[in-house]
Every structure is written in structure tokens, then in C-alpha cells.
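>>> The sequence and its predicted three-dimensional model are supplied below.
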Amino acid sequence: MTSEVERAAKLIAGSSEIVVIGHERPDGDAVGSMLALTMALQEIGKRVWPVLAGGLPRKWQFLPGANQVRPELPAGEKLIVTVDTADIRRLGPLDVERVDLNFDHHPSNTQFGKINLVEPGAASTTAVLYRLFPELELPLEVDIASNLLLGLITDTLGFRTSSVSSNSLRIAAELIELGADISDLYRKGLLGRSYEAVRYWAQGLSRMELRDEVVWAVLRVSDRELAGYSSSDGADLIDVLTTIEGPRVAILLVEQPEGQVKISWRALPGVDVSRLASTFDGGGHELAAGAMMEGEVQEVVERVLTATFAAIVEADS
Ligand SMILES: [Mn+2]
């Protein structure tokens with residue numbers, strides 16, 4: 001990877017205008033990576049545009065640098081950088097023809113960049129960036145550190161996923177030493193949620209089901225309307241399903257406005273849900289993966305459950 005890092009450093013040095021893009025329906029790691037990289041590049045004198053299809057969700061607007069995020073690509077030739085994005089299609093409806101630099105930690109990353117800095121073992125993309133910043137001659141200060149720590153806190157669900165290592169905590173400690181406020185980031189980025197989001201959970205939880213070591217819940221467009229919840233995501237309900245003792249796989253299915261269903265899988269070690277997701281054209285990590293499927297909700301539920309039960313049987317054989 002070292003020569004890739006050198007090539008990346010040269011590419012950055014030779015570019016004065018840079019676009020940094022995160023994936024659509026961004027999580028904390030996508031936003032934190034995008035803002036940290038944006039601010040670090042600005043510190044060394046680059047003109048930088050952070051871009052997210054659909055703009056920055058309100059949840060992340062407390063972050064330093066958040067007011068710079070725009071929903072569309074700027075005109076003209078720029079260096080194009082993506083963060084935390086496993087597949088170029090996850091950039092959403094942005095018209096991205098070419099990616100120069102691809103920073104990520106998803107094992108399923110399709111290596112779509114001219115240069116790919118992908119570390120599948122890392123707990124977050126912000127952890128990858130933290131390690132690469134000195135080699136890329138990018139600076140660290142409190143606002144950059146805060147965004148990096150946010151990505152690490154959110155992707156590890158507060159340092160409790162199997163991806164957490166002593167190194168994750170060492171990085172967190174160093175970011176705290178730079179001034180990042182861990183308790184504030186933890187509360188606003190991980191624990192804090194709206195009343196509407198919890199009402200939305202209640203809709204999904206009231207119809208939750210458990211069968212043969214798989215627990216699942218469905219969230220429909222009508223649930224969002226009833227709860228007054230405005231985003232088309234799952235409001236992290238999957239993280240509640242994974243706290244249930246017994247099931248080896250948890251699944252959340254979220255109906256989308258235009259005949260699609262977004263699926264999230266979480267597994268205990270032993271079942272590889274990233275392989276399962278890839279059979280539906282999705283991807284992710286071994287124990288946390290997702291896909292987008294076409295079809296009516298109930299029909300998608302049946303297909304997903306059948307495949308998931310089969311994956312568990314296969315894992316045990
Ligand atoms: Mn991530």
C-alpha cells in the first residue's frame with residue numbers, strides 16, 4: 001500500500017481544487033471522514049467542496065465544517081475523492097464519472113478509484129485517515145480530530161463491535177488529546193435521537209418477529225408518516241435488534257418510496273452476512289452488511305429470510 005500512499009500524496013500535492021464525497025444516507029463515519037479530510041486539505045491551502053447526494057442530514061449539522069456541505073458537484077475539472085464508500089453506486093444520483101482517490105475500510109470495496117486506500121481491518125474510515133494523515137502531510141487540529149473521533153465512535157457503536165482493537169482505543173486517546181470532546185460526540189452522534197425516531201421504532205418493534213435464530217423487523221413508508229419521521233432510513237433500529245439475546249442474525253427491512261426495500265443484516269461471528277448481501281448486489285462487512293432490493297415488501301421479506309436461513313445452515317455445515 002505504501003506506493004499507493006505516495007501516489008496519493010503526489011496527486012493531492014498537484015491538485016488545487018478537490019471534491020470530497022461520502023455515500024448517500026451518510027452515517028457518522030461517512031460524514032466524519034468527509035469533513036475531516038475537507039478541513040485538513042483546506043488547512044494546506046486547497047479549495048475543497050464536501051458533497052453528499054441529498055445534502056447533509058440535520059443529525060450531523062452540529063459537526064465542525066458541516067455548513068460547507070453541498071448537495072451537488074461543483075462545475076469544472078477537480079480531483080475527486082470518495083470516503084467510506086464501498087461501491088461507486090453508493091454515491092447516489094451524483095454524476096460521478098471517475099474517482100481519483102478512494103479511502104475506505106469495507107472489505108467489499110470494489111476498488112473503483114484510480115488510487116485505492118482501502119484497509120479492511122480498520123474499525124472506521126476515519127481510523128484509516130488518521131493513520132494516513134502524516135504520510136499525506138495533512139495536519140490535525142481539534143475540529144479535524146472531532147470529526148475523526150465521531151466516525152470511530154459511530155462505526156464501532158461506541159467501541160463495542162468486533163472490529164474494535166487496542167489500536168482503536170489508542171487512536172481515540174490521541175484524538176482526545178488533540179481536543180476532541182468524546183462525551184459530547186458520543187451523546188450527539190450516537191445516543192441522541194428524536195422523539196419521532198423512537199415512535200418510528202415503536203412501529204417496527206410492534207411487528208418484530210423471531211424464528212430459527214433470526215430476528216427481523218420491517219419499517220414501512222406508512223410507519224414514517226404515522227411517527228412523523230422524515231428520513232427514509234431505519235433510524236438505527238437494527239442496533240436495537242442486535243441487543244436481543246439468542247438470535248444469530250438480525251435483519252431490518254426498510255421500505256423505500258419507489259418500490260425498493262433497503263436491507264440491513266447484523267450477525268454474530270460464524271455467519272458471513274457480507275456474502276449474503278452480495279448475492280443481492282449489496283455488500284459490507286462480514287458481520288454487518290446491506291443491500292437494496294426491488295419489489296413489494298412482503299415478497300422481499302420472504303426472499304431475504306429464505307436466503308438468510310440457508311446461509312445459517314451453510315455456516316453450520
Ligand atoms: Mn464506515
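Nice, I can see it.
>>> L79 and D100 touch, don't they?
Yes: with contact defined as CB atoms under 8 Å, L79 reaches D100; the gap is 5.2 Å. Quick note: C-beta positions are derived from backbone N, CA and C, even for glycine.
>>> list the residues that contact both of these two?
L11 (CB atoms under 8 Å, 6 or more residues apart in numbering).
>>> pLDDT of the helix or strand harbouring S33, averaged?
Per DSSP states H and E, S33 falls inside helix 28-43. On average, the pLDDT along helix 28-43 is 98.
>>> try stretch 191-209
Per-residue pLDDT over stretch 191-209 has a mean of 96.
>>> gap between that stretch and the chain center?
20 Å (CA atoms, centre = their mean, to the nearest Å).
>>> Just the buried positions in that stretch, please.
194, 196-197, 199-201, 203-204, 208 (16 or more other CB atoms under 10 Å).
>>> for stretch 159-177, same thing?
For stretch 159-177, by 16+ other CB under 10 Å, it's 161, 163-164, 168, 171-172, 175-176.
>>> what sits up against it?
Stretch 159-177 has contacts (CB under 8 Å, 6+ apart) with 121-123, 127, 130-131, 145-146, 148-149, 152-153, 155-156, 182, 269, 285, 287-288.
>>> Quick one: classify P26 as helix, strand or coil.
coil (DSSP: H, G, I helix; E, B strand; the rest coil).
>>> what's the spacing between it and D84?
According to CB to CB, to the nearest Å, P26 stands 8 Å off from D84.
>>> Same check on H105?
Taken as CB to CB, the span from H105 to D84 is 7 Å.
>>> Over to I144?
I144 is 16 Å from D84, by CB to CB.
>>> what's next to whichever helix or strand T308 is part of, contact-wise?
Secondary-structure element containing T308, defined by DSSP H and E: helix 297-316. The contact list for helix 297-316 (CB under 8 Å, 6+ apart) reads 211-214, 216, 218, 220, 248-249, 251, 253, 255, 261, 263, 265, 270-273, 275-276, 279-280, 293, 295.
>>> Go again with 6 Å.
214, 249, 253, 255, 261, 263, 270-271, 276, 293 (CB atoms under 6 Å, 6 or more residues apart in numbering).
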